[in-house]
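Asker: 3D model of this:
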Amino acid sequence: MSSIIAKGRIQSTLRHFLDNEASGGIILMVVATLAIAAANSPLAETYFHVLHVYLGPLSIQHWINDALMAVFFLLVGLEIKREMLDGQLSSWSRRILPGAAAAGGMAFPALFYLYFNGADPAVIHGWAIPTATDIAFALGVLSLFGNRVPASLKIFLAALAIIDDLGAVVVIALFYTDALNLLALAVAAIVIGNLIIFNRSGVRQLWPYLLLGVVLWVLVFASGIHATLAGVILALTIPLKLTPGAPEATHAESPLHKLEHHLQKPVAFLIVPLFGFANAGVSFAGVSLSVLAEPLTLGVATGLVLGKFIGVLGTVAVVTKLRLAKLPAQASWGQMTGVALLCGIGFTMSLFIALLAFHDPAMQDHAKIGILLGSVASGLLGAIFLMVFGRRKGRPV
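Answerer: You can find the predicted model right below:
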């Protein structure tokens, strides 16, 4: 992606983000395959046993899902804040197309899921599983086509996935929160107040924010709200120096840029692959083809493949027809169709929500099978469309 975008502060930051996410997505594909292989090999017993070994108060799997993924959500929060205030989503004209597409891409998958499972109170809680797009996976597939796909379309997909992540964060906070510990929540509010005071007072060193961030994680964990949301809250208090029209702010000038820069590689190449390896392993022992006809599996798979596709492409068609926005520069409808299909790759966040939605391991496995089937189908169909419509005219954007 060497010729993605012209030089500049916003473009350079987003280009670095795209490169890391695409490379991390390719690694995630390999790790997910290894996890499935391990869960269905003679090493299966060891694989599942190690995940449930306790280190202090939490098992290894919970340390990954609750603690390390809080760092993932910290990076997501930093990306959302930067893009909203000083990036590709900094104006309403830039937000309309990816924002509308993200909204449609969350609503329709939920409707497909509810069509299959709306009458079953035991599984209805999983309606949000197919609503999320895995930005690393989707960009990883898109990166395989290099300059055959215009840079504007890669930016559109990244922006859509960032807004989608924001929607997922809100959904987790509102619908996947257990009984609240009001005392822990009150103390957490005090910590958040101090973080805001640091920001308003011009504190630019990162260590006070990170120190209070650890305290905030403990309190949010104890409060009953999922602990990973502490990462998003912390991110929103990290100072960002706005430099419109100027060369990219150096890491010393902007604490948010500095922290984001330091987190991108560890998150893309360590934390997300660890999460994928710890959670993608589904044992197919004793699983028959009938599981594919289970409403839970069907709801998740069709939500990702059809719901995402109809929601994203249909919304883009309506918005452009109403002339509220235009297609990304140099992008064709065939390419947009391919990208809409790639949005059905819902690996990381979908797995995360599935673990929150269901405590029954059998239900989790059915949801995981739906996620894997839907994500693979979406990826393959999207790749086919991009192969057919990948040639583009004009100079690189």
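Asker: I'd guessed P328 sits against A158; true?
Answerer: No. Under the criterion of C-beta atoms under 8 Å, P328 is not in contact with A158, lying 11.2 Å apart. In short, each C-beta sits where N, CA and C put it, glycine included.
Asker: so where do the strands sit in the stretch 151-300 of the chain?
Answerer: Read by DSSP state E, counting those that start in this stretch, the stretch 151-300 of the chain holds no strands at all.
Asker: Find the nearest non-adjacent residue to L373, please.
Answerer: Nearest non-adjacent residue to L373, counting by C-beta to C-beta, 6 or more residues apart in numbering: A301, 4.6 Å away.
Asker: hang on, that neighbour in a helix?
Answerer: Yes. A301: assigned to a helix according to DSSP: H, G, I helix; E, B strand; the rest coil.
Asker: I'd guessed it sits against K368; true?
Answerer: No. Between A301 and K368 there is no contact under C-beta under 8 Å: 11.0 Å.
Asker: So for those two, which residue has more residues nearby?
Answerer: The neighbour count for A301 versus K368, taken as other C-beta atoms under 10 Å, is higher for A301 (28 against 24).
Asker: Return the per-residue confidence for that one.
Answerer: Looking at A301, its pLDDT is 96.
Asker: Relative to N65, how far out is it?
Answerer: 23 Å (C-beta to C-beta, to the nearest Å).
Asker: Over to L355?
Answerer: Distance, L355 to N65, using C-beta to C-beta: 6 Å.
Asker: Pull up the overlap in contacts between the two.
Answerer: Shared contacts of L355 and N65, defined by C-beta atoms under 8 Å, 6 or more residues apart in numbering, comprise N279.
Asker: Same question for stretch 36-53: list its buried residues.
Answerer: 36, 38-40, 47, 51 (16 or more other C-beta atoms under 10 Å).
Asker: Buried ones in stretch 117-126, by neighbour count?
Answerer: 117, 123, 125-126.
Asker: What is the most widely separated pair among those residues?
Answerer: N117 and H125 (9.3 Å; C-beta to C-beta).
Asker: Which stretches in the stretch 151-300 of the chain count as helices?
Answerer: 151-175, 182-200, 207-223, 229-237, 255-266, 272-279, 295-302 (DSSP state H, counting those that start in this stretch).
Asker: To R323, which of those helices lies closest?
Answerer: helix 151-175 (17.4 Å).
Asker: quick one, the closest one and helix 229-237 angle?
Answerer: 120 degrees (axes from the mean of the first three to the mean of the last three C-alpha atoms, to 10 degrees).
Asker: now for helix 151-175, which elements pack on it?
Answerer: In terms of contacts (3 or more C-beta pairs under 8 Å, 6 or more residues apart in numbering; DSSP states H and E), helix 151-175 is packed against helix 9-39, helix 69-86, helix 92-117, helix 135-143, helix 229-237, helix 333-342, helix 347-357.
Asker: after the last one, next one along is what?
Answerer: The element immediately downstream of helix 347-357 (helix or strand, assigned by DSSP states H and E) is helix 361-389.
Asker: Please identify the buried residues of that following helix?
Answerer: Buried, per 16+ other C-beta under 10 Å, within helix 361-389: 363-379, 381-383, 385-386, 389.
Asker: before we move on, what about stretch 196-216?
Answerer: Neighbour counts over stretch 196-216 (16+ other C-beta under 10 Å) mark 198-199, 203-204, 206, 209, 212-213, 215-216 as buried.
Asker: just the CA coordinates of that stretch, formatted as PDB?
Answerer: Extracted in PDB, the C-alpha atoms of stretch 196-216 (Å, rounded to 0.1, in the frame of the first residue of the first chain):
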ATOM      1  CA  ILE A 196     -10.700  14.800  32.900                       C
ATOM      2  CA  ILE A 197      -9.000  17.200  35.300                       C
ATOM      3  CA  PHE A 198      -5.600  16.000  34.100                       C
ATOM      4  CA  ASN A 199      -6.700  16.700  30.500                       C
ATOM      5  CA  ARG A 200      -8.200  20.100  31.200                       C
ATOM      6  CA  SER A 201      -5.100  21.100  33.300                       C
ATOM      7  CA  GLY A 202      -2.800  20.400  30.400                       C
ATOM      8  CA  VAL A 203      -1.000  17.300  31.800                       C
ATOM      9  CA  ARG A 204       0.900  15.900  28.900                       C
ATOM     10  CA  GLN A 205       2.900  13.100  30.400                       C
ATOM     11  CA  LEU A 206       1.200   9.700  29.800                       C
ATOM     12  CA  TRP A 207       2.100   7.900  33.000                       C
ATOM     13  CA  PRO A 208      -0.500   9.700  35.200                       C
ATOM     14  CA  TYR A 209      -3.200   8.700  32.800                       C
ATOM     15  CA  LEU A 210      -2.000   5.100  32.500                       C
ATOM     16  CA  LEU A 211      -1.600   4.700  36.200                       C
ATOM     17  CA  LEU A 212      -5.200   5.900  36.800                       C
ATOM     18  CA  GLY A 213      -6.200   3.800  33.900                       C
ATOM     19  CA  VAL A 214      -5.100   0.600  35.700                       C
ATOM     20  CA  VAL A 215      -7.100   1.700  38.800                       C
ATOM     21  CA  LEU A 216     -10.100   2.400  36.500                       C
END
